[in-house]
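K.L.:
What shape does this take:
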Amino acid sequence: MRRKSIRRSSTLTAVVLLPVLALYGSGGFTVSAELETPAKPAASVPAEKPAGDSKPQPVDYLKQIRPLLAAHCDSCHSAAQQESGYRLDTAELAIRGGDRGPAIVPGDPEKSLLYLALLKDGDVSQMPAEGRKLNETEIALIRRWIEQGAPHPQDEVAQAAGSTSKHWSFQPIRRPAVPVVRQQDRVRNAVDAFILRRLEQEQLELSAAAPRETLIRRLSLDLRGLPPSPAEIDQFLQDDSPDAWDQLVDRMLDSPHFGERWGRHWLDVARYADSNGFTIDGPRSIWKYRDWVINALNRDLPFDQFVIEQLAGDQLPDATTEQLIATGFHRNTLINQEGGTDQEQFRVEAVVDRVNTTGSVFLGLTVGCAQCHAHKYDPISQREFYELFAIFNNCDEPNIQVPTAEQAARQKSLKEQIAAVEGPLKARDAEYAKGMAEWEQRIAALPAVAWKTCGPAELATVDGSVLAKQDDHSIFVDFTTPPRDTFLVTVETKLKQFSAIRLEALTHPSLPKNGPGRAGNGNFVLTGFEAFLAPQGAPAEEKTKEDGQQQDSSLQPVKLVEAIADHSQEGWPIAHTLDDDPQSGWGINVKSGSLNVDREAVFLLAEPVAVPESGRLQFRLHHRHVDAGYLLGRFRLSVTDAPVESLRTPDSIRQLIAIPADKRDAKQKESLKTAFHETDAERKPLAEKLGQLRKQEQALVREIPTTMTLKERASNPRESYIHIRGDFLRKGATVTGGVPAVLPPLPESKSSPSRLELARWLVAPENPLTSRVTVNRFWQRLFGRGLVRTEDDFGIQGAPPTHPELLDWLADDFQRQNWSVKQLLRTILTSNTYRQSSDANEMLLQRDPDNRLLARQSRLRLEAEILRDVALASSGLLSPQVGGPGVYPPQPEGIYVLTQVRKAWPESKGQDRYRRGMYTYFWRSSPYPLLPTFDAPEANTTCTRRSRSNTPLQALTLANDRAFVEFAAGLAGRLLDEGSSNDADRLAHGFRLCLARPPAEQELDLLVPFVEKQRSWFQEHPEDAKKLVAAAGAVQQTSDDIPSAELAAWIATARVLLNLDEFITRN
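P.N.:
Numbers count the residues shown, from 1 in each chain. This is a model prediction of the structure:
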């Protein structure tokens, strides 16, 4: 919120600012000299009746109470300003109260906060805080009025908020008549007429049209963010038809790159990024929202629908997946993943951000100033802020899958196949279950198995995990684990022979969800298990090769024929540890909300095997699953020499069988049921088939992209409160959804207004702001400055429009044209005003240095992403693909060394290396260096206008950045392949590619000698030539027979062209 500097007289004295702050605030405040005004004299009140009068006279509110409140309270508690959300300019408002609820309880002054705040020795700080306090007679009068029930007229009207409600932006949009001007021959449409009328008043005129080469480059950069191709330039220059310009505008509006260019503008206000923010700054998947924006703009989705779908697409009848994706607009808020944070605090902060963003983007108001107190300038109370807050406070934040048509078809087919197997499997289980009691009796009669725990003797890993021996002979996997690994555990046993091996997967309080795995949900995937005899006790770390397989011939493999587990996740049975597929394995079910428990697996030998004299065995536990981090976190190994027939049932199942049936809980019953069905030989083929289908389904799910959306809570709606001083822990009065009273009201509703009602209200014809704010922002994109300079503040402190009638004509026409963005832009682009030259003569610079009158066009430095795009296009490397996941172009090494969490930057190859800048993966905590260097927003809050800086680092980036060296090599290749053998002709071709114009004679006089000098130097320094060519990477588009010195000379020349001020400027 902007604050104007107010000049004050030395005779002004500080007066009451917060008369009733103690009722609703913290009791402390600072008097601002900017707001000082002379104190008002107390209003006179009629004298009280003598005490002997047995019947008190009725208090007249209008004559006795209202003047008192007006004299002492209205400066801070009226329509103009509502400290603590409290107004006293009508009795109804005075009774209703503010942040801390009702201020007057009719009939009971002792419970009325207003009355208590007036007392000298009361429990509430006396008010007014400064200036004359009310005397005893006046306080007694207010007390009597409250005792009498606080009677007041029912038709009392709140006072107007001074001039605020009459502020220009709050007035209805009226379509003005298009003026007739003297220079009618310069008028192509209404835009020119309104601009010329103002210019003629200032005795100015439009500048001449820019040269055609400048115009096509300007238009192409504005609409596509790319330079025109030589073929497009030639076509336009050769087209002498009267509508050549209009046709060019239409062609570029129809380009698929239009949505990319204007989508990037919208992503600024949507605060789009690919990460969550804060110091952890984890990755997120929301690129589908970015693609939705591009597609919506390309198909010219009416802007009113564009707004509705983004704010409330989920609440539309029969909402489509695309409309759900659109709600990602308000999922671009930050997420704090740091440990120990209060998630409710950051949920509330996200809701506050949604209110602020909605106010700024659609209303052009600084509503955030009312979060802690009434807005000091605009007629927005704190209560009204939290009424907007209430509309957004009832959202959940689900992520949804967004499959392609092919993925959706595969998903449907797999579900059908799974259903076809599940039916027979359930029928088989029901039939087989009849023998469960007999099975339990048979197992209970088996002799107990004596397991001998193996003490770890040697521990090693292939990929660097740290294994630590524990006192109970278990092995703990340290926190510094690689994504995949193989554990090599050499143990010692005193048994002479062994017939089975037991692996216990053990929980531990320091593991995620208690473990037993190291994955975030406590799971693991054991993809393989092997056993070896170690006759010589060879150290594991010296006897293995990189993949963890056997290397030393002294290790003798032990054949494992069967694996049994007390529990397996569907699709991840223990049997998969004995196959040769690294993408299958043993996993366990981990359910949200329940702690994991110890699990065990038994590996059976074909027959008992003698233990070598060394007493040593080696076990290898492979974790090679495609998903990273699915390693065991704690485990223990044991062996036994018991007969195989007594080993097919794990000890944990035996222990459950020993529990009386009526004492078993649901989990125990389920475990027994699962173990019993695994003994069914006929069931196994069906179960394996189902497991395979489930794995295919899970693999497909991993392929399907997800995106972040909003969804209204179906149950348990949240209550909303005023947050006293903006603190979410200090709850004030309850509020329901609403909008600022200075604007048209929401339609009548039986329940609290929804996001859908708010969205429709924003784009209703009666709303005076949304259309004005939007067309002003579009104008800003084309001229560098809006008709309202303060594009994010249309309130009292904002700048007035330079051309108010033009603003309203455009706003009205925008709605009349069915909110068509392309039609709005076409109207502006086909005007003579847009086509003016940007050259400024001395007179214009003196009369209108900021170009507010628009007697010329503006020169604009290209945005960060567009700089990259223009360089890519000029070099011939640009990938034309529209949409898709974020990419990782080359960047300097070490960018993420100092970030709290190392960021992944898998440098893209092939076409992804040369995608447009808007597709570069954006880490909020450490963006791609080009972006902040050229003033891209940080994406933490909405950005309605980018700043523009001019620093040496920018020139150094264009000259020396890895990516720009590659672009220079690509451009050099084009000049050598597409141009003639003449240096001057090649340079002329470079000018057309980069600047869309031929070079001037003096430019060639400078550059031709430069090329010759570079060529000579590199011929004399062949090693340097090779280094430069090598540094450019594998982007040469030239023939192999071109000498390195020649290519290096043109790379150096291309770097000059890419570093020209004109190259990075839209003229």
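K.L.:
so what's the most centrally placed residue in the chain closest to, chain neighbours aside?
P.N.:
Nearest to the geometric centre of the chain sits Asn332, at 2.7 Å (C-alpha atoms, centre = their mean). In this structure, Asn332 finds its nearest non-sequential neighbour in Arg271, 4.7 Å apart by C-beta to C-beta, 6 or more residues apart in numbering. For every residue, glycine as well, the C-beta is placed using N, CA and C.
K.L.:
tell me which element that neighbour falls in.
P.N.:
Using DSSP states H and E, Arg271 sits within no helix or strand.
K.L.:
Would you list the phi and psi of it?
P.N.:
Phi and psi for Arg271, reported as degrees, to the nearest 10, are phi 50, psi 50.
K.L.:
Next up, the contacts around Thr481.
P.N.:
Thr481 makes contact with 465, 518, 629, 631, according to C-beta atoms under 8 Å, 6 or more residues apart in numbering.
K.L.:
doesn't Leu511 make contact with the second one?
P.N.:
Yes - Arg518 is within contact range of Leu511, at 6.6 Å (criterion: C-beta atoms under 8 Å).
K.L.:
can you list residues touching both of the two?
P.N.:
Gly633.
K.L.:
ok, longest strand in the protein?
P.N.:
strand 599-610 (DSSP state E).
K.L.:
can you map out the helices along the stretch 101-250 of the chain?
P.N.:
113-118, 136-147, 190-201, 212-223, 230-238, 244-253 (DSSP state H, counting those that start in this stretch).
K.L.:
Make JSON lines out of those and add mean pLDDT and distance to Leu844.
P.N.:
Shown next, in JSON lines, are these (pLDDT from 0 to 100; distance: least, C-beta to C-beta, whole Å):
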{"stretch": "helix 113-118", "mean pLDDT": "88", "distance to Leu844": "60"}
{"stretch": "helix 136-147", "mean pLDDT": "91", "distance to Leu844": "63"}
{"stretch": "helix 190-201", "mean pLDDT": "97", "distance to Leu844": "11"}
{"stretch": "helix 212-223", "mean pLDDT": "99", "distance to Leu844": "18"}
{"stretch": "helix 230-238", "mean pLDDT": "98", "distance to Leu844": "28"}
{"stretch": "helix 244-253", "mean pLDDT": "98", "distance to Leu844": "24"}
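K.L.:
Of all the ones you listed, which one is nearest Asp378?
P.N.:
helix 113-118 (26.0 Å; C-beta to C-beta).
K.L.:
List the buried residues in the closest one.
P.N.:
113-118 (16 or more other C-beta atoms under 10 Å).
K.L.:
need those in a markdown table with distance to Asp580, can you?
P.N.:
Output for the buried residues of helix 113-118, formatted as a markdown table (distance: C-beta to C-beta, whole Å):
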| residue | distance to Asp580 |
| --- | --- |
| Leu113 | 77 |
| Leu114 | 82 |
| Tyr115 | 85 |
| Leu116 | 82 |
| Ala117 | 81 |
| Leu118 | 86 |
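K.L.:
Just give me the closest of those to Leu68.
P.N.:
Leu118 (9.9 Å).
K.L.:
before we move on, the earlier item: and the residue nearest to the centre of the chain, what is it in contact with?
P.N.:
Asn332 is in contact with 270-273, 286, 289, 939, counting by C-beta under 8 Å, 6+ apart.
K.L.:
what's the farthest-apart pair in these?
P.N.:
It's Tyr289 and Ala939 that sit farthest apart of these, by C-beta to C-beta, at 12.9 Å.
K.L.:
Between these two, which contacts overlap?
P.N.:
272, 332.
K.L.:
these two touch, right, Glu213 and Arg997?
P.N.:
Yes - Glu213 lies in contact with Arg997 (C-beta under 8 Å); the separation is 4.1 Å.
K.L.:
how near is Ser754 to Thr341?
P.N.:
Applying C-beta to C-beta, to the nearest Å, the value for Ser754 to Thr341 is 30 Å.
K.L.:
next one: Ala450
P.N.:
50 Å.
K.L.:
just the strands in the stretch 651-800 of the chain please.
P.N.:
Applying DSSP state E, counting those that start in this stretch to the stretch 651-800 of the chain gives strands spanning 706-708, 711-712, 720-723, 731-735.
K.L.:
Turn these into CSV, columns for distance to Gly979, mean neighbour count and mean pLDDT.
P.N.:
Converted to CSV, the strands of the stretch 651-800 of the chain look like this (distance: least, C-beta to C-beta, whole Å; neighbours: other C-beta atoms under 10 Å; pLDDT from 0 to 100):
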stretch, distance to Gly979, mean neighbour count, mean pLDDT
strand 706-708, 45, 20, 98
strand 711-712, 57, 16, 96
strand 720-723, 66, 22, 96
strand 731-735, 69, 18, 94
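K.L.:
For Ala959, find the nearest of the ones you listed.
P.N.:
Minimum separation from Ala959 across those (C-beta to C-beta) falls at strand 706-708, 38.5 Å.
K.L.:
centre of the chain versus the closest one, how much separation?
P.N.:
Mean-position distance between strand 706-708 and its chain equals 11 Å (C-alpha atoms, centre = their mean, to the nearest Å).
K.L.:
tell me the mean pLDDT for stretch 884-900?
P.N.:
The pLDDT scores in stretch 884-900 average 87.
K.L.:
That stretch spans what distance, first to last residue?
P.N.:
One end of stretch 884-900 sits 28 Å from the other (C-alpha to C-alpha, to the nearest Å).
K.L.:
Please point out which parts of it sit buried.
P.N.:
Under the neighbour-count criterion of 16+ other C-beta under 10 Å, stretch 884-900 has 886-891, 896 buried.
K.L.:
ok, which pair from those residues is furthest apart?
P.N.:
Going by C-beta to C-beta, the pair spanning those furthest: Val887 and Tyr896, at 16.6 Å.
K.L.:
Please look at Arg962 and Glu893 and confirm they touch.
P.N.:
No - taking contacts as C-beta under 8 Å, Arg962 lies outside contact range of Glu893: 9.4 Å.
K.L.:
For Pro557, which non-adjacent residue is closest in space?
P.N.:
Phe532 (5.6 Å).
K.L.:
OK, contacts around the one you found?
P.N.:
By C-beta under 8 Å, 6+ apart, the contact list for Phe532 reads 550, 555-558, 617-620.
K.L.:
Which helix or strand contains Ile564?
P.N.:
strand 560-565.
K.L.:
which secondary structure elements does whichever helix in the chain runs longest contact?
P.N.:
Assignment by DSSP state H gives helix 405-432 as the longest helix of the chain. Judged by 3 or more C-beta pairs under 8 Å, 6 or more residues apart in numbering; DSSP states H and E, the packing partners of helix 405-432 are helix 666-677, helix 683-703.
K.L.:
again, 7 Å this time
P.N.:
With contacts defined as 3 or more C-beta pairs under 7 Å, 6 or more residues apart in numbering; DSSP states H and E, helix 405-432 has these neighbours: helix 683-703.
K.L.:
on contacts alone, who are the packing partners of the helix it packs on?
P.N.:
For helix 683-703, the elements it packs on are helix 405-432, judged by 3+ C-beta pairs under 7 Å, 6+ apart.
K.L.:
Would you reformat the contacts of Thr481 as TSV and include secondary structure?
P.N.:
Converted to TSV, the contacts of Thr481 look like this (DSSP: H, G, I helix; E, B strand; the rest coil):
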residue	secondary structure
Ser465	coil
Arg518	coil
Gly629	coil
Leu631	coil
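K.L.:
Out of those, give me the two with the largest separation.
P.N.:
By the measure C-beta to C-beta, Ser465 and Gly629 form the most distant pair in the contacts of Thr481, at 11.1 Å.
K.L.:
if you count what's nearby, which of these two comes out ahead?
P.N.:
Legend: neighbour count by other C-beta atoms under 10 Å for Ser465 and Gly629, higher for Ser465 (22 against 18).
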